[in-house]
Each structure stands twice: as C-alpha cells, then as structure tokens.
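[1] With the sequence up front, the predicted model follows.
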Amino acid sequence: MKVWRIKKYKYDIVSKLMDIGISRTAACVLANRGIRDKKTAEKFLDCPMEDMYDGMLFKDMDKGIRLIAAAIIKKKKIAIYGDYDVDGVMSTSILYRTLDFLGAEVMYYLPHRQKEGYGMNESAIEELKDEKAEVILACDNGIAAKNEIKKANELGIVCVILDHHEVPYKTDEYGAKSDDVPQAFAVIDAKQAGCGYPYKSLCAASMAFKFSKLLFEKLRVPFKLEKELLSLAAIATVCDIVDLTDENRIIVKNGLKAAKDTENAGLRALISQTGLEGREITEYHAGFVLGPCINATGRLESATLAVKLFTSNENAQENAAKLVNLNMQRKDMTNAAFESAKKKIISDKLEADKVLVIFDESVHESIMGIVAGRIKEIYNRPVIVITRGVNFAKGSGRSIEGYNMFDELFKCKELFERFGGHPMAAGLTLKEENVPILRKRLNDDCVLDEKDMAEVVMIDAQLGFEDFSTDLADELASFSPFGRLNQKPIFASRNIGVKQLNIIGKNKNVLKFLLEEKKTAKIVDAISFGGYDEYCAKLTEKIGAQAAEAVFKHLLAAPDMDIVYYLDKNQNPYTGNETVQLVIKDFRFREES
C-alpha cells in the first residue's frame, strides 16, 4: 500500500517567496524543494547559463585539458572510449564533435554490449594501440578500469578519465575507506576524494560539455558548438536519471530549449523521425521519445550507429529512421521479457525477498535494466535481473531510495568478474553458479523493512477545487524540467465524488472522470493513464464484482475518493478553450462511502 505524506514548509518562507509575484501554491512548491529566498527562487526559474560552475574546479581538469590540447596541436591520435547508453553516446559525440572541429586526429570506440559489456577491456586497449592511438579519453567509464588503464600505460598510451560513476574504494585493517582510482594521467570525477567541484551529480555528457568548453578556451577558439553540444548534454542528463537540480537544471532547461532549432543534423533528423519537428522539446520527449531510440542502437546493434548520427551530416534521416525502427523492436522485446520476469518471481518463489534477484535466461541482456526498472515499480524494492551471457551471466539492477545498490554489491565484489554503477543502478558480470549465492548474500545483509519498501507519495499541498485555474497550471509548468529531486508538483484533495466515469484509449486502460468536490459542488475533469486495472481491482474489493460491473455500466454510482494528482490543461478541439484537468496518480476510496 502506498503511503501519502504531505510535505511540511514554513509559512514565513512561503510569504517571502510570494514576493517574486507567484501564487501561494507555487511558493509552497518551491519551499518544498528547499528554496528559501527570493534570489534562489529567481535562479531556479531563470536558469542562467552564467550560474554554471567553473570546470577547472574539478580535480585533474587542468591536467586533462593541457594534455588533450597538446595532443591536438601535435597531431597525436586521440581515441575517445565511450559507452553504449545515451550518456555514453552523447558524451562520445560531444567530445568527437569538439576534437574534430579543433583539428584533432580523433577516433571513437564504443564497446559492444553483448560481446564486451560495460567499460574498458584489455583487448580493446590493444586494438586501439594497433590503430596507432597515443591518447585515450575515456568518457562515462574508466573510474573502475584499474587493470585496463595499467595495460594502456604499459603500451605507452596516455589516459584521461572523464567519469561520473562511484569511485571504487579499498579498506584498511581498521575498516577505513580510501579511493582506489586507476593510475591515469588525469582522473576527472567529482566523486573522488579531494575534488573541489561543488556539484556531484553531473552525468558524463555534461562533464564532456564542460571539458569541451574549456578546450575551446585553452586553444582560444570561439565556442561555436555551444548550443549544439548543450542540447546533446541535456538529453543525456534527462536519460541518465541524475538529480534535476542546480547545474543539471540549467543544462536541461537551456539545452532542451536549444534542441528545437538545433544545428546538429542528426538530432534534427531524429526529432523529425519521431514526429517532434516544430515542437518545444520537453524532458518527456528527451526521456521517453528520443532517449529510447538512442539507447536501442546499443541494445540491439551497435551504439556506433547513434554516434555516427550525431557526428556526421551524411544520411541523417536514414540513420535516424533506423534508430526509430530498432526502438520499436526493443519495445516488443521488453514487453515479452517483463511478463517472463514476473512469472519467474512466482515460479522461483521470490515474493518474500527484500532484494529481488531474478535469473531469466529468456531475457535479452540488452533490456535487463529496463525490465529491472519495471519490476521495481511494481514491488518497490531493489531488483537485479540476470541472464545468461556468452561466457558469464550478466545482470542489471535498479534500486529504491534508502538502498545503495553500489555499496551493497561492493560487499560481494569477490562474486563478480566486473561490476559498477551508482546507488540507484548497477551492472554486473558473474559466473552463473554465483547467482544464488549473490541472492542469498544480498537478502541476508539487507536491512530494509516493510516501511522502507512501502512506496511513499510525497504531496506538496492539499488543495480545494476552488484553487484550480489554468494560470496555476501554467505557473507550475514553468518549474520544469521535472525529474529526480524535482518531481512534478503533486497535490491531494479529499471527499471527491465521481459524477461520471468512462473507459477510453486504444488499449481501454485509461479512465476519464468527471469529479465533484462534495463541500463546494465544484466540478473538474480528471484522467488516469493506465489506471483501469488498479481502479477495477480496488473497486471490486470494496463493493464486489457485480456492483463494480454496474458502476462501469453507469447503473450504480462510484464510491467517493480521496485523490492524489498533478495539474494539467485540456484544450477543447472545437473552441480552443483551455480548462484544468487533473492527472490522477493515486486514489483511495473513502470508508464512509
């Protein structure tokens, strides 16, 4: 059962925030996001580019910039070593576009998801040596590549690491932790000890954007690619599900604004092929339309196709269409794998586990992370989906707040051939016989209780229907981009009657309501996307199957509810008039109904 909690805020702070000309409801939302004064609120709303931090504050950034600048001037061959997800593709594309523009001898290398897996590997290092690479610029990987960097050093290749993942550590005899970073020429990662960069949540593409800006400055070349590269960084930031606060918010808000009229031929083609041409690109489009198409190349073929799209003007529309078609295939695979994994939980008797470790050889390894995320949404507990690989079993995990998946897996590091990730997500490779051992270890060590695994719905405020207006909906929309740590403002209303209920949508799983607030008799439209199954199950539990059927046939009034929702707008297709519409996220039937 979901737990509803209304966030608490101080009324004096809300009053101060209202001084910038916003409503009390909007001020309450800002206060709930830790904004305490007028100046901070204005920065939150405006997101000026000049508020970004100086990239030179990164530990080793100066060393990395000097090395790459010198390599450009001396025409040394630079190999960008990226990754196959959106962040890896975009960081590789940003760095390649930069180095190519500045006249470097540059190539890129992205590992194959199925054949090589995540991160650097020694055979790839040897291959790059054969191709005369003298410098490796690793992006979105490298921080855990201690042996691979050692191999590169032995081969005479100088390495710069540009990564944002958790830093591996070692412990002494007293249990004290210390970083265990590779011996690269420069290691740029805000999460390592001694790094003075004030914001720790950038993704690799945003780090690549800042690296590129500094490289242009170092070589005294105008940063003509700024808007183009910022758009690529913005899409990666949304897709990598990092915190949408502070500097990330600036990057996403300005980058998505620039994406609509981007000069990048590949991004322009992908926007066209996905039907977004001429529209404002939002975080929804980045995360659920463009991003999955980019990811699909690394899942089903090779991510080099996506990098080629964003770094070359040739065949842009044709290549973008390939990405869209691959994503359609990926969707079908994901749906089948999701159903299979759900059955595995039952057949393998995993329902009581606090950490779900699901071994399902029918799941294609390219979509394990998506499946793990969808299972996590159902059970609200950490999930690792593992499948059979070519040589080893491979897995991908997704976590919940309060469970640091990286730290917990690190405690089992001797079970893995390799692993890496964040507190909220991880990838791993291990021997198949170690899978049941991993499951037991993670569950034996897990300290999560039922309260931790209950999904918490944080509510910004309780509103009455008289508070609704299209102006308020517009005001709240201006707080975008929404995402991790800046979710869409969520509200609650109590004692709501159902005047009308209809099932709509292609799959007949969308509920359309006409709701009435009992104390004021005010009426508003509401919609619940994909909410039919849950509503039907709860309704049947409350009044019985026969009565529930009568409700849907409009022969019996639906029970009154308390609802949780966010505000949206609905436009009449004939008159163009806009009205408020509630998008329902959760509901409860009232006991007295």
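    Structure received. Residues are numbered from 1 along each chain as shown.
[2] Got the domain ranges for the chain?
    Domain assignment for the chain, taken from automatic domain parsing, gives 51-325, 348-453, 456-589.
[3] Strands of the stretch 1-150 of the chain, start to end?
    Assigned by DSSP state E, counting those that start in this stretch, the stretch 1-150 of the chain shows strands spanning 3-6, 77-81, 105-109, 135-139.
[4] Chain neighbours aside, what residue packs nearest to D172?
    S178 (7.3 Å; CB to CB, 6 or more residues apart in numbering). Every residue, glycine included, has its C-beta placed from N, CA and C.
[5] Name the residues of stretch 262-276 that come out as buried.
    262, 264-271, 273-274, 276 (16 or more other CB atoms under 10 Å).
[6] and that stretch, average pLDDT?
    Stretch 262-276 carries an average pLDDT of 97.
[7] Kindly report the same for stretch 408-416.
    94.
[8] Stretch 359-374 too?
    For stretch 359-374, the per-residue pLDDT averages 93.
[9] Just the endpoints, please. Distance across it?
    Terminal residues of stretch 359-374 lie 15 Å apart, using CA to CA, to the nearest Å.
[10] tell me the secondary structure for the residue nearest to D172?
    What DSSP: H, G, I helix; E, B strand; the rest coil gives for S178 is strand.
[11] cool, K224 as well?
    Put simply, K224 is coil when judged by three-state DSSP.
[12] Would you mind measuring from the residue nearest to it when sequence neighbours are not counted to A236?
    In space, K224 comes closest to F101 once its chain neighbours are excluded; the distance is 7.6 Å by CB to CB, 6+ apart. In this view, F101 and A236 are 19 Å apart by CB to CB, to the nearest Å.
[13] The two: who's more crowded?
    Higher neighbour count among F101 and A236: A236, with 32 against 17, using other CB atoms under 10 Å.
[14] Would you quantify the distance from the residue nearest to K224 to E228?
    10 Å.
[15] Ok, S23 next?
    37 Å.
[16] T470 now?
    For T470, the distance to E228 - CB to CB - is 35 Å.
[17] Settle it for me: which of the two has more neighbours?
    Set side by side, T470 and E228 show more neighbours around E228, with 20 against 16, by other CB under 10 Å.
[18] And the pLDDT for that one?
    Listed pLDDT for E228 reads 98.
[19] repeat for P573
    80.
[20] ok, now the one 5 residues further on?
    Turning to E578, the model gives it a pLDDT of 93.
[21] show me what contacts it?
    470, 569-572 (CB atoms under 8 Å, 6 or more residues apart in numbering).
[22] give me the beta-bridge partners of it?
    Q571 (DSSP bridges).
[23] pretty sure D83 is touching L110, no?
    Yes. If you go by CB atoms under 8 Å, D83 and L110 touch, sitting 6.7 Å apart.
[24] list residues touching both of these two?
    Joint contacts of D83 and L110 (CB under 8 Å, 6+ apart) are 89, 92, 303.
[25] Kindly reformat those as CSV containing neighbour count, pLDDT and distance to V106.
    Converted to CSV, the shared contacts of D83 and L110 look like this (neighbours: other CB atoms under 10 Å; pLDDT from 0 to 100; distance: CB to CB, whole Å):
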residue, neighbour count, pLDDT, distance to V106
V89, 32, 98, 16
T92, 31, 98, 11
A303, 26, 95, 17
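[26] Check those residues against K75 and report the nearest one.
    Nearest to K75 out of the shared contacts of D83 and L110 is T92 (CB to CB; 20.8 Å).
[27] Now do the closest one against E263, distance only.
    Distance from T92 to E263, by CB to CB: 19 Å.
[28] go on, N380?
    43 Å.
[29] Contacts for stretch 252-264, please.
    47, 49, 227-228, 230-235, 237-238, 244, 267-268, 271, 278-283, 286, 310, 480-481, 483.
[30] Just the residues you listed: which are in helices?
    227-228, 230-235, 237-238, 267-268, 271, 283, 310 (DSSP state H).
[31] Which one of these is nearest to L515?
    Closest to L515, out of all of these and judged by CB to CB, is E283, at 27.6 Å.
[32] Could you tell me which residues make contact with L409?
    397, 416, 419, 421, 426, 428, 442.
[33] ok, the nearest residue to Y532 once chain neighbours are set aside to H285 distance?
    Nearest non-adjacent residue to Y532, counting by CB to CB, 6+ apart: N509, 4.4 Å away. The spacing between N509 and H285, counted by CB to CB, is 23 Å.
[34] Please enumerate the strands of the stretch 151-300 of the chain.
    Counting by DSSP E, counting those that start in this stretch, the strands of the stretch 151-300 of the chain are 158-162, 169-171, 177-179, 186-188.
[35] can you redo the ones you listed as a markdown table with distance to I35, mean neighbour count and mean pLDDT?
    Below are those laid out as a markdown table (distance: least, CB to CB, whole Å; neighbours: other CB atoms under 10 Å; pLDDT from 0 to 100):
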| stretch | distance to I35 | mean neighbour count | mean pLDDT |
| --- | --- | --- | --- |
| strand 158-162 | 31 | 25 | 98 |
| strand 169-171 | 34 | 11 | 87 |
| strand 177-179 | 33 | 13 | 90 |
| strand 186-188 | 30 | 25 | 98 |
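[36] Where do the strands of the stretch 451-593 of the chain begin and end?
    456-459, 461-462, 491-504, 510-517, 523-528, 561-571, 578-589.
[37] Now the fourth one: buried residues?
    In terms of neighbour count (16+ other CB under 10 Å), strand 510-517 has its buried residues at 510-511, 513, 515-517.
[38] Likewise for the longest one?
    By neighbour count, with 16+ other CB under 10 Å as the criterion, the buried positions of strand 491-504 are 491-494, 496-498, 501.
[39] Check the fifth one too.
    Residues 524, 526-528 are the ones in strand 523-528 that count as buried (16+ other CB under 10 Å).
[40] ok, residues contacting that strand?
    So strand 523-528 is contacted by 465, 468, 499, 510-517, 535, 563, 565, 570, 579-584, 587 (CB under 8 Å, 6+ apart).
[41] average pLDDT for that strand?
    97.
[42] chain center to it: distance?
    29 Å (CA atoms, centre = their mean, to the nearest Å).
[43] neighbouring strands for that strand, and are they parallel or not?
    strand 510-517 (antiparallel), strand 578-589 (parallel).
[44] Among those strands, single out whichever gets nearest to C412.
    strand 578-589 (35.2 Å).
[45] And the closest one, what's buried?
    Those would be 580-582, 584-589, for strand 578-589 by 16+ other CB under 10 Å.
[46] wait, what's in contact with L511?
    501-504, 527-528, 531-532, 535, 584.
[47] Let me have these in JSON lines, extended by distance to Q329.
    Shown next, in JSON lines, are these (distance: CB to CB, whole Å):
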{"residue": "L501", "distance to Q329": "36"}
{"residue": "N502", "distance to Q329": "34"}
{"residue": "I503", "distance to Q329": "30"}
{"residue": "I504", "distance to Q329": "28"}
{"residue": "I527", "distance to Q329": "30"}
{"residue": "S528", "distance to Q329": "30"}
{"residue": "G531", "distance to Q329": "28"}
{"residue": "Y532", "distance to Q329": "27"}
{"residue": "Y535", "distance to Q329": "32"}
{"residue": "I584", "distance to Q329": "32"}
